[in-house]
Each structure stands twice: as structure tokens, then as C-alpha cells.
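Participant: Here's a sequence, model it:
(one chain, ligands or ions: 2)
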Amino acid sequence: MNLLSAKNLSHTFEYQLFSDVSLELNEGDTIAIIGMSGSGKSTLLHILSTLLKQDVGSVELFGEDIEKMSQKKLSEIKRHDLGLIFQSHYLFNGFSAYENLEVAEILSQNRIDDALIERLNIKEPMHQKVTQLSGGQQQRVSIARVLTKQPRIIFADEPTGNLDSETADEVMQLFFEYCESKKAAIILVTHDNALAHKCSKVYKLEDKKLHQIK
Ligand SMILES: Nc1ncnc2c1ncn2[C@@H]1O[C@H](COP(=O)(O)OP(=O)(O)O)[C@@H](O)[C@H]1O
Ligand SMILES: [Mg+2]
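Facilitator: Numbering: from 1, shown residues only. Ligands and ions are numbered 1, 2, ... in the order given. Purely as a prediction, here's the structure:
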């Protein structure tokens, strides 16, 4: 089943970042987007995840153009079906790591999975305030928070940027197992070529175009 279909996207800030970018995401897909710093990877991910409106082109989620959707439907989709793991982690700073997971638990009505916490190796700092955690710990809490929500599509911008390579591999494995078991999919932006090639498809944003290289 098709989860996301982007057609002929173009976007310009000070200069044109990209034009005529199209991308399809199906159940079980794991897609990596690589490219030089400043090429527009984060901007593209913001457009695909409904945070930013493209200048030209269209984005369909679950078969429906997001510009033609009612606000109510779009809110429902954002709340239940999209999981965002971005550089600014969007964790609630006044709360402990565990309380952040509880928010996801309440909003999604899914139980917090203790095995997930074990696997991400964040059991020990669970009751500390998120501001007291290291960058890598915060990153893993935001991954646990998004997986607790159980979205159909995960959008992740450098999700392993603060992790050592062994932990990064474990996180990638977790994403792949999640996508397979929940019929979900992930679009991941990374500057790490080796990590990208663990995904089923790899695209490179270069010279304002998105080229498939795997
Ligand atoms: N909200 C914005 N307003 C103006 N310029 C922006 C904005 N977001 C990104 N840019 C510019 O767009 C270019 C691409 O940024 P970005 O998408 O973050 O690239 P990447 O993630 O590939 O490093 C950069 O030159 C950046 O300064
Ligand atoms: Mg970026």
C-alpha cells in the first residue's frame, strides 16, 4: 500500500533548493536521503512531513492530497500516523524522560514498551529531567517516544547523529524491525553513507534534483 506520494516538488528560499522532486513511499519501505550540507534535505523532510508547504508540487498521504484534506483529517493524521524525529527533539524539557513517554502513551493509547527502553539503553536515566540527559540520551528518548506512538510513517532527520556507531546500528535495526512488523515505513536523512545503505532505497539530493542511487 502507498503511504506517501510526492510529485514534482520545488522549493526556494534565498535560492532554489530543488525542483521536480518526486518520491513514493510504500509499506515496509526504508528510504535514506543523503546529500551535502545545505542541499535542502531537512527542507524536503519538512515538506514531506506537512510542516512546510512546498512552492510547487503536491504531497499525498495515504492516497489524499494534504492540501485538499480537511484540517480535522490532517490533524488526525499528524496525531496518529506521522512520527517526527528531528534535530530539535521536541521533548518536553520540564518533564522526565519517562513522563515524555507517558505523554505519547496517553495521546496514542499505546502502552510504553519496556523492551524498547531496554533496547535503547535508556532505562537508567528514565526518571531524570530530559535537560539533564546527554544529547545521545535525548535522541534515544525521542526515538522511544515516536515508536511508542506507533506511527505509519517515521520521518527522521539525522536520528543517530549523536550516537556512537554501535548504538546507531542498533537504532537502525530497531527502525527496520518496527517498519516490518507494523507495516510502517521510514524516510531518514543522514550524512552517513554507510548508514544510508542499510536502507532498502537510497536517494541523493544533488544539483537541485533527487537521484536514486540504490
Ligand atoms: N526557514 C528558512 N528560511 C530561509 N532559509 C532557509 C530556511 N530553512 C532552510 N533555509 C536555507 O535553505 C538551505 C538548505 O537548508 P536545509 O534544508 O537545512 O539543508 P540540509 O538539511 O541539506 O543541510 C540553507 O541554505 C538554509 O539556510
Ligand atoms: Mg539538515
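Participant: list the buried ones in stretch 29-36?
Facilitator: 29-35 (16 or more other CB atoms under 10 Å). Heads up, the C-betas are built off the backbone N, CA and C, glycines and all.
Participant: Please compute how far that stretch lies from its chain's middle.
Facilitator: The chain centre lies 11 Å from the centre of stretch 29-36; the measure is CA atoms, centre = their mean, to the nearest Å.
Participant: Ile33: which element?
Facilitator: Using DSSP states H and E, Ile33 sits within strand 30-34.
Participant: Give me the angle between the helix or strand just after that strand and strand 30-34.
Facilitator: Per DSSP H and E, the first helix or strand lying C-terminal to strand 30-34 is helix 41-48. Helix 41-48 and strand 30-34 are oriented at 140 degrees to each other (axes from the mean of the first three to the mean of the last three CA atoms, to 10 degrees).
Participant: picking that back up, list just the nearest of the buried residues of stretch 29-36 to ligand 1.
Facilitator: Gly35 (5.6 Å; CB to the nearest ligand atom).
Participant: which SS state does Val171 fall under?
Facilitator: helix (DSSP: H, G, I helix; E, B strand; the rest coil).
Participant: partner residues bridging Gln212?
Facilitator: For Gln212, the beta-bridge partners are Tyr203 (DSSP bridges).
Participant: measure it to Ser142 for me?
Facilitator: 28 Å (CB to CB, to the nearest Å).
Participant: So between the two, which is more surrounded?
Facilitator: Ser142 (24 against 10; other CB atoms under 10 Å).
Participant: Got the domain ranges for the chain?
Facilitator: Each domain of the chain is listed here as a residue range: 2-81+151-212, 90-146, per automatic domain parsing.
Participant: thinking again about what came up before, check the buried residues of stretch 29-36 one by one and keep those near ligand 1.
Facilitator: Gly35 (CB under 6 Å from any ligand atom).
Participant: any chance of the domains of the chain in CSV, plus mean pLDDT?
Facilitator: Output for the domains of the chain, formatted as CSV (pLDDT from 0 to 100):
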stretch, mean pLDDT
domain 2-81+151-212, 96
domain 90-146, 93
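Participant: which residue ranges form the strands in this protein?
Facilitator: 2-12, 16-26, 30-34, 56-61, 64-65, 82-85, 153-157, 185-189, 201-206, 209-212 (DSSP state E).
Participant: Give me the residues contacting the third one.
Facilitator: Outside strand 30-34, the residues that touch it by CB atoms under 8 Å, 6 or more residues apart in numbering are 23, 25, 41, 44-45, 175-176, 179, 185-191, 193, 195-205, 210.
Participant: That one to strand 201-206, inter-axis angle?
Facilitator: Using the same axes, to 10 degrees: strand 30-34 against strand 201-206 is 20 degrees.
Participant: any idea of the angle strand 30-34 forms with strand 16-26?
Facilitator: 170 degrees.
Participant: Restricting to C-alpha, output strand 30-34 in PDB.
Facilitator: Taking C-alpha atoms only, strand 30-34 is exported to PDB below (Å, rounded to 0.1, in the frame of the first residue of the first chain):
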ATOM      1  CA  THR A  30      13.100   2.200   4.400                       C
ATOM      2  CA  ILE A  31      14.400   5.200   2.500                       C
ATOM      3  CA  ALA A  32      17.500   7.200   3.100                       C
ATOM      4  CA  ILE A  33      18.200  10.700   1.700                       C
ATOM      5  CA  ILE A  34      21.800  11.800   1.600                       C
END
